[in-house]
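In: From the sequence below, what's the structure:
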Amino acid sequence: MPAWNAELFFGFEGERVAEVDRDRFLTHVSLYWFTATGGQAAEIYLANAASGAGYRELPNHTPTAVAVFPDDFRSVRRFAARSHTRLVQWTEMPHGGHFANETQPQLVVDDLRRFFGALQTEDAFRRKTDH
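Out: The predicted model follows:
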């Protein structure tokens, strides 16, 4: 459990070791460890692998935004473009990793605001022209 989380916190090659607050990391891992929920957190990966649920070729027409952080999985582009027919926003972030909501919250908030703001504008335009 600590190694799995360390890889995501510190980067796959340890590139963010100096940036990560050790107490925050240990708190994060401790929540899984002391509550014995690490297995449950990882269960989705096993279930998806067994059922193919995470890899279906079914089209998704829901407006979708993707934010890619340089210290996280970089192979998401092909997966996102394969099934999401309305990929309306793609953002390459300047820094951050798997837990960007903790380490780079302003980048995440700004990106979410851009995405949902555009959806609101699109919806308002659609309602205005439908009448």
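
In: From here on, just use CA atoms for contacts and neighbour counts.
Out: Noted.

In: pretty sure residue 92 contacts residue 69?
Out: Yes. Using CA atoms under 8 Å, residue 92 is in contact with residue 69, at 6.4 Å.

In: Those two - which one has more neighbours?
Out: Remark: of residue 92 and residue 69, residue 69 carries more neighbours, 19 against 10, as counted by other CA atoms under 10 Å.

In: check contacts around the more buried one.
Out: 92, 93, 94, 95, 96, 97, 98, 100 (CA atoms under 8 Å, 6 or more residues apart in numbering).

In: make it 6 Å
Out: Shown in contact with residue 69 (CA atoms under 6 Å, 6 or more residues apart in numbering): 93, 95, 96, 97.

In: what about the second one, which SS state?
Out: Same thing as residue 95. coil (DSSP: H, G, I helix; E, B strand; the rest coil).

In: what's the neighbour count on it?
Out: Using other CA under 10 Å, residue 95 is surrounded by 14 other residues.

In: Now, of the contacts of residue 69, which are buried?
Out: 93, 96, 97 (16 or more other CA atoms under 10 Å).

In: Chain neighbours aside, what residue packs nearest to the first one?
Out: The spatially closest residue to residue 93, leaving aside those adjacent along the chain, is residue 69, at 5.1 Å (CA to CA, 6 or more residues apart in numbering).

In: gap between that neighbour and residue 22?
Out: 21 Å (CA to CA, to the nearest Å).

In: which residues in this structure form helices?
Out: 2-10, 22-34, 38-51, 76-83, 100-103, 105-129 (DSSP state H).

In: that older thread, going by distance to residue 127, which of the buried ones among the contacts of residue 69 wins?
Out: Distance to residue 127, by CA to CA, is smallest for residue 93 among the buried ones among the contacts of residue 69, at 32.6 Å.

In: got a markdown table for the contacts of residue 69, with pLDDT and distance to residue 112 too?
Out: Output for the contacts of residue 69, formatted as a markdown table (pLDDT from 0 to 100; distance: CA to CA, whole Å):
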| residue | pLDDT | distance to residue 112 |
| --- | --- | --- |
| 93 | 95 | 13 |
| 95 | 89 | 16 |
| 96 | 86 | 15 |
| 97 | 85 | 16 |
